[in-house]
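> Sequence and predicted structure, then a few things I'm wondering about:
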Amino acid sequence: QVQLVESGGGLVQPGGSLRLSCAASGSIFDVYAMNWYRQAPGKQRELVAAITSIGSTNYADSVKGRFSISRDNAKNTVYLQMNSLKPEDTAVYYCYAAVRSSYSEGVTDYWGQGTQVTVSS
């Protein structure tokens, strides 16, 4: 089994910054995509940023130029640096990872428990 533990959420004023972290632990042979999603009240969960195991990245149009995703493969950890935050960035942010637990097993999707980000003055 694999666990994803997120940290770094909180309350920040508009224009401020936050850095989210998500560490994967447990039975891990390899970690492929590691992504960040978010879900605001009354809205569907949406992809915010994605990063492959070799560092290729992709961002939602709404966060391009403000957010940056990175990962430390040695630590099985993904980060989301969020700058110039806006009230519309308020949501629960979820970490996702595609993990292979052994050479002989397939890839399984895992989700973190979510961390609240609130942007308000």
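Yep, it's here.
> what residues are up against F29?
V99, R100, S101, S102, Y103, E105 (CB atoms under 8 Å, 6 or more residues apart in numbering). Any C-beta I mention is one placed from the backbone N, CA and C, and that applies to glycine too.
> Could I get the phi/psi values of the last one?
So that's E105. With angles defined as degrees, to the nearest 10, E105 sits at phi -100, psi 160.
> Got the confidence number for the residue nearest to it when sequence neighbours are not counted?
Leaving aside its chain neighbours, E105 sits nearest to F29 (7.5 Å; criterion: CB to CB, 6 or more residues apart in numbering). Confidence at F29, expressed as pLDDT, is 91.
> Quick check on F29: phi, psi?
Dihedral pair for F29: phi -100, psi -40, per degrees, to the nearest 10.
> quick one, what contacts the closest residue to S17 other than its chain neighbours?
Closest residue in space to S17, ignoring its immediate chain neighbours: N83 at 4.8 Å, by CB to CB, 6+ apart. Residues in contact with N83 (CB under 8 Å, 6+ apart) are S17, R66, F67, S68.
> got the CA coordinates for the one helix or strand Y110 maps to in PDB?
According to DSSP states H and E, Y110 maps onto strand 107-111. Listed next in PDB are the C-alpha coordinates belonging to strand 107-111 (Å, rounded to 0.1, in the frame of the first residue of the first chain):
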ATOM      1  CA  VAL A 107       0.400   0.900 -12.000                       C
ATOM      2  CA  THR A 108      -2.100   2.100  -9.400                       C
ATOM      3  CA  ASP A 109      -3.500   5.500  -8.800                       C
ATOM      4  CA  TYR A 110      -3.200   7.100  -5.300                       C
ATOM      5  CA  TRP A 111      -4.700  10.300  -3.900                       C
END
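> other SSEs contacting it?
Using 3 or more CB pairs under 8 Å, 6 or more residues apart in numbering; DSSP states H and E as the contact definition, the elements that strand 107-111 packs against are strand 2-7, strand 91-100.
> Any chance of CSV for those strands, columns mean pLDDT?
Formatted as CSV, these follow (pLDDT from 0 to 100):
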stretch, mean pLDDT
strand 2-7, 95
strand 91-100, 97
